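Trainee: no sequence on hand, only this structure:
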C-alpha cells in the first residue's frame, strides 16, 4: 500500500486528491483541509476555497457521467458552463456547481451564488434565445434553501412568486457587489425571465467534495469485489483527473464522452 507524507500525517491515496498548480507546487486535500508543502491551509482561505470549487466541478462531473444511463452521453467542463451535458456541441443541460465547506450558507434572496448564476444564464440567453426552448438550467449547491425564498419557490415550480421576490430584491437591495446582476435581471423581458425560472432546477444540500466520492463508490461497487473498491475508485478517478486537465491544456475538445471513458478504463 502506498502512502503520501503530508503535514506530519501519512495519507492513503483513497483519502486525498492532489493537483499541481502552474508553479509545480503540489496541493493535497484530505477531508476538507488543504495541505501545501506540509503546511495546513485554512479551507476558508479564498485560494483554498477556489481550488476546492474547481476540484468539486471535476469530481462531480465524473459522478454525473457515471450515473448517466446514456452510454453516448457527452459532458464538458468550463465550456458552456461549469458542467454541461451536450449533443454534438449543442448544450441541453447547463449546470452551475456551488461548493461551500461544511455545507455552510444558504441560497437566500440576496445570495451572490444565485444572482451571479442568473447573470451568466441571462447573458447566454441574450446571445441565443433558443436556449429557453431547448435547455434545462441546473444549480447544484451544498448550501441550504430556506422556505419562502425565491430559490424555494423555484424548487416548488412557483415561478411567478419567485419572480416577484427576485424583482423586489433587485429593485430595493443596496448590495453593491450584486448591482450588475440586478441590472441585468431588471433589463430582461419579464416573460423571458419567467420562462428561464420555469426551466431552472435547484438541487440544494448536495454532497460536498468528500461525500460525492462516497457516491461514486456506491456506483462502482457493482463493478468489482468489495475488497478492490478503493483501488478501482482510485484508478477511475486517477484516469479522470488526468483526462480533464489534458482537455484544457491541449487543443483537443473539452467534451468528455461516456463511451470513451469506459474504453479507456478497460484498456488500462
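Mentor: Yep, that arrived. All values reported here derive from a predicted model rather than from experimental measurement.
Trainee: ranges for the strands of the stretch 101-250 of the chain?
Mentor: Using DSSP state E, counting those that start in this stretch, the strands assigned to the stretch 101-250 of the chain run over residues 136-141, 200-203.
Trainee: find the nearest non-adjacent residue to residue 137, please.
Mentor: Once flanking residues are discounted, residue 137 sits nearest to residue 200: 4.7 Å by CB to CB, 6 or more residues apart in numbering. C-beta coordinates here come from the backbone N, C-alpha and C atoms, glycine included.
Trainee: residue ranges with poor pLDDT in this structure?
Mentor: Within the chain, the stretches with pLDDT under 70 are 1-47, 102-104, 248-268.
Trainee: for it, what's the longest strand?
Mentor: For the chain, the longest strand by residue count, based on DSSP state E, is strand 90-98.
Trainee: what's it packed up against?
Mentor: Taking 3 or more CB pairs under 8 Å, 6 or more residues apart in numbering; DSSP states H and E as the contact definition, the neighbouring helices and strands of strand 90-98 are helix 46-67, strand 83-87, helix 112-127, helix 131-134, strand 136-141.
Trainee: OK, contacts around the residue nearest to residue 137?
Mentor: Residue 200 sits next to 137, 138, 139, 154 when contact means CB atoms under 8 Å, 6 or more residues apart in numbering.
Trainee: distance of it from residue 186?
Mentor: Here the criterion is CB to CB, to the nearest Å. By it, residue 200 lies 18 Å from residue 186.
Trainee: do residue 193 as well
Mentor: Taking CB to CB as the criterion, residue 193 is separated from residue 186 by 9 Å.
Trainee: residue 65 against residue 73, yeah?
Mentor: Yes: checked against CB atoms under 8 Å, the pair residue 65 and residue 73 is within contact range at 6.3 Å.
Trainee: the residue nearest to residue 201 when sequence neighbours are not counted: neighbour count?
Mentor: Closest residue in space to residue 201, ignoring its immediate chain neighbours: residue 138 at 4.9 Å, by CB to CB, 6+ apart. Burial of residue 138 is recorded as 22 neighbouring residues (other CB atoms under 10 Å).
Trainee: how far away is residue 169 from residue 118?
Mentor: Taking CB to CB as the criterion, residue 169 is separated from residue 118 by 11 Å.
Trainee: could you do residue 90 as well?
Mentor: The separation that residue 90 has from residue 118, given CB to CB, amounts to 22 Å.
Trainee: more neighbours: which of those two?
Mentor: Neighbours per residue, other CB under 10 Å: of residue 90 and residue 118, the larger number sits with residue 118, 25 against 13.
Trainee: so who does the more buried one touch?
Mentor: If a contact means CB under 8 Å, 6+ apart, then residue 118 has 166, 181, 184, 185, 196 as its contacts.
Trainee: how far away is the last one from residue 176?
Mentor: Computed with CB to CB, the distance linking residue 196 and residue 176 is 24 Å.
Trainee: between residue 65 and residue 73, which one's more packed in?
Mentor: Neighbours around residue 65 and residue 73, counted as other CB under 10 Å, are more numerous at residue 65. The numbers are 20 against 17.
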